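> need coordinates for the following:
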Amino acid sequence: MSKLPTVAIIGRPNTGKSTLFNRLVGRRKAIVSDIPGTTRDHVAHKVEGADVDYLLIDTGGMGGGTEDTDLEDDVHKQSVLALEHADVIVLTVNSREELTASDFDIVATLRKNKRSHVPVIVAATKCDDPMTIDELLPQYYELGIAEHVIAVSAPHKIGVDDLESCIESELKKLHFQKEEDSDAQRPPRIAIIGKPNVGKSSIVNAFMSETQREKSPLLVSDIPGTTRDTTDTIIRFNEKEYMFMDTAGIKRRRQTVGNDIETHAYFRSVKALEMCDICVLVLDVSQPVSKQDKRIAAMAVSEGKGLIVLLNKADLLPAGSKKSAVELIQYELKFCKFAMVQTCSAESREGLLKIFDLIESAQRNRTRRIPTNDLHRWFRDTVLGQPMSSLAKCKHITQAEEVPPSFVLFVKNPQRIRVTQLRALENSLRRTYAFEGTPIRWILKTET
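From the prediction side, this is the model:
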């Protein structure tokens, strides 16, 4: 994997972990509510700092206190795995409450499970008045787990800059530094994702040269879950390099309960999905599309990744049925109809090399920019004579400096814009400029 360091936010339920996470990543990604235990699975996002980039992990609450007691033990185990692999740990404590037995239990878990060199930063959350922190500092330092205690109020952005600086300072002490290579210079990162036993490792093996396969073939068997970790393989094709990340199969959450190895595999797969540029979702063409397949595809769309669907084991299909198989998949995954679909066989290598053209197309479309003048012309032609009264009055449209392609609309009242109108805009945009293989995002701003 990349040398991107990991920063884990841990703490008991309802201490403001997800609110702090959202503030640090700069957008509302983790679900926030007043119900203890809202966050169950890990949520990850790459933070581009001033001096160091890092992967920020929001974990479920530790130490109990949720309304879903059946899952508390499993959430606790996932959080312990996160802190075991973290390079910096941010421990949240609620500054409005006295330290609880759960807080002390978490500190004991930290002493037992974290790596000895990993620093801990105590974030005293919900501290709207930093002047009140002085009287609380002694009890936090007496925990004996951290050299830094920072008062923060994520909703009001109090202390957040100090926390960011402290995180980066600790990472630099561990000799992490900002990656100097640009996106244009490094090979695209392709995560091979999907359920267990659909042929992900076999596909990567099929891409390897004979020398690579002799030195380090990926373990393949008929036993679901053979791949436990994420493995990087550099593949060279037509004088270009591609980094393929073969991941453990992403299982339904209940399938990981009570299995530390499977939980670890899931955690690593989610991390790979966050770090990649393009996801290749591998499906077994002989099996119907499942809810889990759709969930995995939705994860890729939510993360803004390029998406290619690879229908493996196509050699098992009856002659002349490949086209109907592709059409069925496109229907089942109609919420991400921009994804490119390709039939293949890891066994016979049929159709595999076509994936490189799809990767190039998806990567090119993810980063392409449309001149503002061209956007204005397209927009006028699209809304003219159409039932888009709210959008028709839009005075300006431009493309944001973001990946995936994100388009900003300046309108009088963003709340009056309907999802169906944005969907119609997207359909027209794709007909005009293609954008195959990449999601598109819309940003609504109020005219000034």
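
> where does pLDDT dip in this structure?
1-3, 27-43, 63-78, 179-185, 209-231, 248-269, 389 (pLDDT under 70).

> excluding its backbone neighbours, what's nearest the spatially most central residue of it?
The centroid of the chain falls nearest to E274 when counting by Cα atoms, centre = their mean (3.3 Å). Of all residues not flanking E274 in the chain, A44 sits nearest, at 4.5 Å (Cβ to Cβ, 6 or more residues apart in numbering). In this view, the C-beta of every residue, glycine as well, is placed from N, C-alpha and C.

> wait, doesn't that neighbour sit right on Y54?
No - at 10.5 Å, A44 does not count as touching Y54 under the criterion of Cβ atoms under 8 Å.

> and E327, what does it touch?
Under the criterion of Cβ atoms under 8 Å, 6 or more residues apart in numbering, E327 has no contact partners.

> typo on my end, it should be C394
So C394 contacts F379, V383, L409, F410, V411 (Cβ under 8 Å, 6+ apart).

> gap between K240 and K354?
15 Å (Cβ to Cβ, to the nearest Å).

> for K337, which non-adjacent residue is closest in space?
Q330 (6.3 Å).

> tell me the helix or strand right after the host helix or strand of the one you found.
According to DSSP states H and E, Q330 maps onto helix 322-332. Toward the C-terminus, helix 322-332 is succeeded by strand 340-343 as the next helix or strand (DSSP H and E).

> give the bridge partners for A151, please.
Beta-bridge pairing of A151 under DSSP bridges involves A124.

> touching, it and A124? I think so.
Yes - taking Cβ under 8 Å as the definition, A151 is a contact partner of A124 at 4.7 Å.

> who touches both of those two?
In contact with both A151 and A124: S95, I133, using Cβ under 8 Å, 6+ apart.

> related to what we said a few turns ago, most neighbours among the contacts of C394, which one is it?
Neighbour counts for those (other Cβ atoms under 10 Å) peak at L409, which has 22 neighbours.

> just to be sure, that residue is in a helix?
No - applying DSSP: H, G, I helix; E, B strand; the rest coil, one finds L409 to be strand, outside a helix.

> where along the stretch 101-250 of the chain do the helices fall?
101-113, 137-141, 160-173, 200-207, 210-215 (DSSP state H, counting those that start in this stretch).

> break this protein down into its structural domains.
6-173, 189-367, 372-446 (automatic domain parsing).

> how far off centre is the shortest one?
Its chain's C-alpha centre lies 25 Å from the corresponding centre of domain 372-446 when counted by Cα atoms, centre = their mean, to the nearest Å.

> quick one: end-to-end distance for that domain.
18 Å (Cα to Cα, to the nearest Å).

> now stretch 83-92
Using Cα to Cα, the two ends of stretch 83-92 sit 13 Å apart.

> now do the buried residues in that stretch.
L83, H85, A86, D87, V88, I89, V90, L91, T92 (16 or more other Cβ atoms under 10 Å).

> partner strands of the helix or strand hosting the last one, with direction?
Take DSSP H and E as the rule and T92 turns out to sit in strand 88-94. For strand 88-94, the pairing partners within the sheet under DSSP bridges are strand 6-11 (parallel), strand 120-125 (parallel).

> tabulate the ones you listed (a markdown table), appending mean neighbour count and distance to V25.
Formatted as a markdown table, those follow (neighbours: other Cβ atoms under 10 Å; distance: least, Cβ to Cβ, whole Å):
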| stretch | mean neighbour count | distance to V25 |
| --- | --- | --- |
| strand 6-11 | 25 | 11 |
| strand 120-125 | 24 | 15 |
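
> identify whichever of those strands lies nearest to D315.
strand 6-11 (39.9 Å; Cβ to Cβ).

> next structured bit after the closest one?
Following strand 6-11 toward the C-terminus (DSSP H and E): helix 17-25.

> how far does that next one sit from its chain's centre?
Using Cα atoms, centre = their mean, the offset of helix 17-25 from its chain centre is 15 Å.

> after that helix, next one along is what?
strand 43-48.

> quick one: that next one to strand 6-11, angle?
130 degrees (axes from the mean of the first three to the mean of the last three Cα atoms, to 10 degrees).

> report the buried residues of strand 43-48.
V43, A44, H45, K46, V47.

> sorry, back to before: what helix or strand does the residue nearest to the centre of the chain sit in?
Here E274 is assigned to helix 260-275, by DSSP H and E.

> can you name the farthest residue from the center of this protein?
G385 (39.4 Å).

> if I pick that one, what's in contact with it?
No contacts exist for G385 under Cβ under 8 Å, 6+ apart.

> and the gap between it and H396?
On the measure of Cβ to Cβ, G385 and H396 end up 21 Å apart.

> returning to what we had before: closest to K200 out of the buried residues of strand 43-48?
Of those, the one sitting nearest to K200 (Cβ to Cβ) turns out to be A44, at 20.1 Å.

> got the contact list for that closest one?
A44 touches L55, L56, I57, D58, V270, K271, E274, counting by Cβ under 8 Å, 6+ apart.

> so what's it bridging to?
I57.

> and it, how far is that from T367?
22 Å.

> tell me which helix or strand the nearest residue to N238 once chain neighbours are set aside sits in.
In space, N238 comes closest to F356 once its chain neighbours are excluded; the distance is 7.0 Å by Cβ to Cβ, 6+ apart. According to DSSP H and E, F356 maps onto helix 354-367.

> what is that helix packed up against?
With contacts taken as 3 or more Cβ pairs under 8 Å, 6 or more residues apart in numbering; DSSP states H and E, helix 354-367 sits against strand 278-284, strand 306-312, strand 340-343.

> need those strands in a markdown table (columns: mean neighbour count and distance to F435).
What follows is the helices and strands packed on helix 354-367, written out as a markdown table (neighbours: other Cβ under 10 Å; distance: least, Cβ to Cβ, whole Å):
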| stretch | mean neighbour count | distance to F435 |
| --- | --- | --- |
| strand 278-284 | 26 | 14 |
| strand 306-312 | 26 | 10 |
| strand 340-343 | 20 | 11 |
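
> now those strands as JSON lines including distance to E142?
Output for the helices and strands packed on helix 354-367, formatted as JSON lines (distance: least, Cβ to Cβ, whole Å):
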{"stretch": "strand 278-284", "distance to E142": "46"}
{"stretch": "strand 306-312", "distance to E142": "50"}
{"stretch": "strand 340-343", "distance to E142": "57"}
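
> nearest to P13 among those strands would be which one?
Per Cβ to Cβ, nearest to P13 of these: strand 278-284, 31.1 Å.

> partners of that closest one, with directions?
Using DSSP bridges, the strands paired with strand 278-284 are strand 189-193 (parallel), strand 306-312 (parallel).

> just the residues contacting it, thanks.
Against strand 278-284 from outside (Cβ under 8 Å, 6+ apart): 188-194, 197-200, 203, 273, 289, 293, 296-297, 300, 305-313, 329, 339, 355, 359, 362-363, 366, 437.
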